[in-house]
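In: Got a predicted model here, sequence first, then my questions.
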Amino acid sequence: MSPPSWDVIVVGAGIIGLASAMEISRRHPGRRILILDKEGQPGLHQSGHNSGVIHAGLYYRPGSLKAQTCGEGARSMVAFAEENGIDYEICGKIVVATGPEEIPRLEELHRRGSANGIAGIKVLGPAQIKDIEPHTNGVKALWIPSTGIIDYPAVVRTYARIFEEAGQEIRLDAEVTGIVKGSGGITVETSAGDFSGKFLVNCAGLHADRVARLAGGRIPLRIIPFRGEYYELKAEKRSLVQGLIYPVPDPAFPFLGVHFTRRIEGTVEAGPNAVLAFKREGYAKTQMDPGDMFDTFSYPGFWRMAKKYWRVGAGEMVRSASKTAFTRALRKLMPDIGEDDLVPGGAGVRAQAVDMEGKLMDDFAIVHTEGAIHVCNAPSPGATASLMIGKKIADMAEEASPALAG
């Protein structure tokens, strides 16, 4: 193997890969950092297909990595947006219990939010719900005033610009095909040539498990792709939604249920559902990839997960196939919504890590193996917390890599 040309090679130019590389470069300006990505521009997948929300930290188990990074991550994201002229708005979010059976779960969310230090969190009664969201019905709700919305693609572009202005390099159209370890480091084989480095940071998102395996890491999980499908409110109906309106989620399932999200550009999304995707980047129902399907269906953890959650999954599939069923779910929050008020929107694919027992991993998972760090699970609030996750990865890299010593 030729002498390493790079001190650190980061695989993945999404929001977390960029934030991590930017932080390592900031701390070690004399080191050479390279980002590789298989696409023609940064942030094309989860970073560019998310809901655009700056999360406050409501849902996460106190003490978890999500809880530790989300609140400070949100404050850092707002500061970063102000410093760099990125559009954002702190519009607040309401989480609505539509029936008495949901109140215990709402109270648990209140406990978690308070434990996680969310400022201004407040319990609302039916009349107070109407004061904030006049077209929403509920028996009780939580008001989270610090939740916001932002242009995450602009955040991605800004991270990339700052990284490159520091003299570092992003190589695009460079799909990783192999990783070879040697005594002096690693060689990352790609469709754009081979790159040698001393240390690897794997932020490959939907392909993080595959990159980990290429690097020799024994990662006891598999990425299972779930597509989230959205509708949008017609322009004349956008005024029905003032901010963000969410249901009370099922604590056994790490998805938040269909909700209303006002976007920074002025549109209002309704959704998403969560259905199994037959391609890791399958944004359309018709997209399939035999290799991705084999990875999913040959994994014992998938079948254990399916056995646990088949009823929930069946409901999600019905909403995917039927606009009427999708609308019915939305009407629990907003009875004034009709099918004719919804037009097809976009879709995203979530890289959901599932362990061998079929457990849907609900916290960030960052794993250190010899010569590498692997970000194996970083769903929402990954974008919100990206600056804090970047610091966490930089800390781990400094501890693990002689290239960053001193």
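Out: Noted; the coordinates are in hand.

In: what ranges of this structure fall below the confidence cut-off?
Out: Counting by pLDDT under 70, the ranges of the chain that qualify are 1-4, 251-255, 406.

In: Have a look at it and report its longest helix.
Out: helix 300-321 (DSSP state H).

In: Buried ones in that helix, by neighbour count?
Out: Across helix 300-321, burial judged by 16 or more other Cβ atoms under 10 Å covers 301, 302, 304, 305, 306, 308, 309, 313, 316, 318, 319, 320. (Glycine included, C-beta is placed from N, CA and C.)

In: show me where the stretch 1-150 of the chain has helices.
Out: Here the stretch 1-150 of the chain has its helices, by DSSP state H, counting those that start in this stretch, at 15-27, 65-84, 103-115, 126-132.

In: Next, work out how far apart the residue nearest to residue 57 when sequence neighbours are not counted and residue 288 are.
Out: In space, and not counting its chain neighbours, residue 57 is closest to residue 70: 3.9 Å by Cβ to Cβ, 6 or more residues apart in numbering. Distance of residue 70 to residue 288, given as Cβ to Cβ, to the nearest Å: 34 Å.

In: same deal with residue 317?
Out: 16 Å.

In: again, but for residue 298
Out: In this view, residue 298 and residue 288 are 16 Å apart by Cβ to Cβ.

In: Repeat that for residue 229.
Out: The spacing between residue 229 and residue 288, counted by Cβ to Cβ, is 16 Å.

In: With neighbour numbers in mind, choose between the two.
Out: Remark: of residue 229 and residue 288, residue 229 carries more neighbours, 22 against 12, as counted by other Cβ atoms under 10 Å.

In: For beta bridges, what are the partners of the more buried one?
Out: For residue 229, the beta-bridge partners under DSSP bridges are residue 347.

In: Show me where the stretch 301-406 of the chain has its strands.
Out: With DSSP state E, counting those that start in this stretch, the ranges of strands along the stretch 301-406 of the chain come out as 342-355, 365-369, 372-377.

In: Put together TSV for these, with mean neighbour count and distance to residue 168 on each row.
Out: Shown next, in TSV, are the strands of the stretch 301-406 of the chain (neighbours: other Cβ atoms under 10 Å; distance: least, Cβ to Cβ, whole Å):
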stretch	mean neighbour count	distance to residue 168
strand 342-355	19	25
strand 365-369	17	22
strand 372-377	26	18
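
In: Need the ones you listed in JSON lines (columns: distance to residue 77).
Out: Listed next are those as JSON lines, based on distance: least, Cβ to Cβ, whole Å:
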{"stretch": "strand 342-355", "distance to residue 77": "19"}
{"stretch": "strand 365-369", "distance to residue 77": "19"}
{"stretch": "strand 372-377", "distance to residue 77": "18"}
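
In: So for residue 214, which of those strands sits nearest?
Out: Nearest to residue 214, of all the strands of the stretch 301-406 of the chain, is strand 372-377, at 10.1 Å by Cβ to Cβ.

In: Show me what the closest one is packed against.
Out: On a contact count with 3 or more Cβ pairs under 8 Å, 6 or more residues apart in numbering; DSSP states H and E, strand 372-377 meets helix 15-27, strand 200-202, helix 208-214, strand 342-355, strand 365-369, helix 386-400.

In: Can you give me the end-to-end span of stretch 41-53?
Out: Start-to-end span of stretch 41-53 (Cα to Cα, to the nearest Å) is 22 Å.

In: burial measure for the spatially closest residue to residue 90 that is not a sequence neighbour, as a count.
Out: Nearest non-adjacent residue to residue 90, counting by Cβ to Cβ, 6+ apart: residue 148, 4.1 Å away. Residue 148 has 24 neighbours, counted by other Cβ under 10 Å.

In: Tell me how far residue 148 lies from residue 343.
Out: According to Cβ to Cβ, residue 148 and residue 343 sit 25 Å apart.

In: next one: residue 337
Out: From residue 337 to residue 343 the distance is 12 Å (Cβ to Cβ).

In: and for the two, which residues touch both?
Out: residue 233 (Cβ atoms under 8 Å, 6 or more residues apart in numbering).

In: how close does residue 213 get to residue 175?
Out: On the measure of Cβ to Cβ, residue 213 and residue 175 end up 15 Å apart.

In: still on that earlier bit, these two touch, right, the residue nearest to residue 57 and residue 61?
Out: No: the pair residue 70 / residue 61 is not scored as a contact, 11.4 Å apart, by Cβ atoms under 8 Å.

In: Looking at those two, which has the bigger crowd around it?
Out: Ranked by neighbour count (other Cβ under 10 Å), residue 70 and residue 61 place residue 70 first, with 29 against 14.
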